[in-house]
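**Student:** give me the fold of what follows.
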Amino acid sequence: MSIVDKLLETKQTIPSNVKLVAVSKTKPISDILEAYHAGQRSFGENKAQEMSEKYHLLPKDIEWHFIGHLQTNKVKYIAPFVNLIHSVDSLKLLQEINKEAEKNNRIIDCLLQFYIATEETKFGLDYNEAEELLKATMGKLKNIRIIGVMGMGTFTENTLLIRKEFSLLNGYFKQIKQNFFNDIEYFKEISMGMTDDYRIAIEEGSTIVRIGSAIFGSRNYT
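**Tutor:** Sure, this is the predicted structure:
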């Protein structure tokens, strides 16, 4: 199947109220253009410099999502154009995003990344850390906007565990909404679900799914 066929097939499984971010990390410009010409506009990358290079080579109506672990010294590469940073996992990173956004006269939307998986390799905040971060920044960082949460489920075939983790993230979202963003409409996003588990994520309240291999095929690690 072509990229276009796989994209259209995937879209048929996603409700209209859920945003599909096509994860294009490691993929060539030609693959992204195939998806773009089939109507896809939101793409996800996990390396700042690679994302910046692609931004300069591709149509400017693409909505760029940064979905990987972001180092503070790399924020400057994506601050001029990134639409949404999914992976804010520290106060230091949020402050750096705010600083670079201010330099570019922008307000950058961000998601707080929570650690919900059983694997030790994943990044993210626990609930108490997220509350401390919000208490330290609410009303102080004028060039960022926290619009929701993100998390990655455990890489496992145990669907009950995955469902439990996604349900946990939805619970964190609701608590934060109630405690910090109760009357703020833009705090509404839950980014969870990838190729292997996005259907469960949607059932558990996901508003953004990040799908790569189901559209572009296996990742290139070279």
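
**Student:** residue ranges with poor pLDDT in the protein?
**Tutor:** The model of the chain has pLDDT under 70 over residues 121-122, 219-222.

**Student:** may I ask you to name the longest helix in the chain?
**Tutor:** helix 159-180 (DSSP state H).

**Student:** and that helix, what does it pack onto?
**Tutor:** strand 108-114, helix 127-137, strand 144-151, strand 189-191, helix 198-203 (3 or more C-beta pairs under 8 Å, 6 or more residues apart in numbering; DSSP states H and E). Placement of C-beta: from N, CA and C, glycine included.

**Student:** include distance to Leu70 and mean neighbour count when you put these into a markdown table, please.
**Tutor:** What follows is the helices and strands packed on helix 159-180, written out as a markdown table (distance: least, C-beta to C-beta, whole Å; neighbours: other C-beta atoms under 10 Å):
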| stretch | distance to Leu70 | mean neighbour count |
| --- | --- | --- |
| strand 108-114 | 10 | 25 |
| helix 127-137 | 15 | 15 |
| strand 144-151 | 12 | 23 |
| strand 189-191 | 14 | 23 |
| helix 198-203 | 22 | 19 |
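
**Student:** just put these in a markdown table and tack on distance to Val23.
**Tutor:** What follows is the helices and strands packed on helix 159-180, written out as a markdown table (distance: least, C-beta to C-beta, whole Å):
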| stretch | distance to Val23 |
| --- | --- |
| strand 108-114 | 15 |
| helix 127-137 | 24 |
| strand 144-151 | 13 |
| strand 189-191 | 12 |
| helix 198-203 | 11 |
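
**Student:** can you tell which of these is closest to His65?
**Tutor:** strand 189-191 (8.4 Å; C-beta to C-beta).

**Student:** find the centremost residue of the chain, please.
**Tutor:** His86 (3.4 Å; C-alpha atoms, centre = their mean).

**Student:** hang on, that residue in a strand?
**Tutor:** Yes. Under DSSP: H, G, I helix; E, B strand; the rest coil, His86 falls within a strand.

**Student:** check contacts around it.
**Tutor:** 44, 65-67, 111, 113, 150, 191, 208, 210 (C-beta atoms under 8 Å, 6 or more residues apart in numbering).

**Student:** same deal with Phe43?
**Tutor:** 21-24, 32, 35, 54, 62-65.

**Student:** can you tell me the closest non-neighbouring residue to it?
**Tutor:** Ser24 (4.6 Å; C-beta to C-beta, 6 or more residues apart in numbering).

**Student:** what about the one you found, how many neighbours?
**Tutor:** 28 (other C-beta atoms under 10 Å).

**Student:** so it makes contact with Lys54?
**Tutor:** Yes. Using C-beta atoms under 8 Å, Ser24 is in contact with Lys54, at 7.4 Å.

**Student:** what sits in contact with each of those two?
**Tutor:** Common neighbours of Ser24 and Lys54 (C-beta under 8 Å, 6+ apart) are 32, 43, 45.
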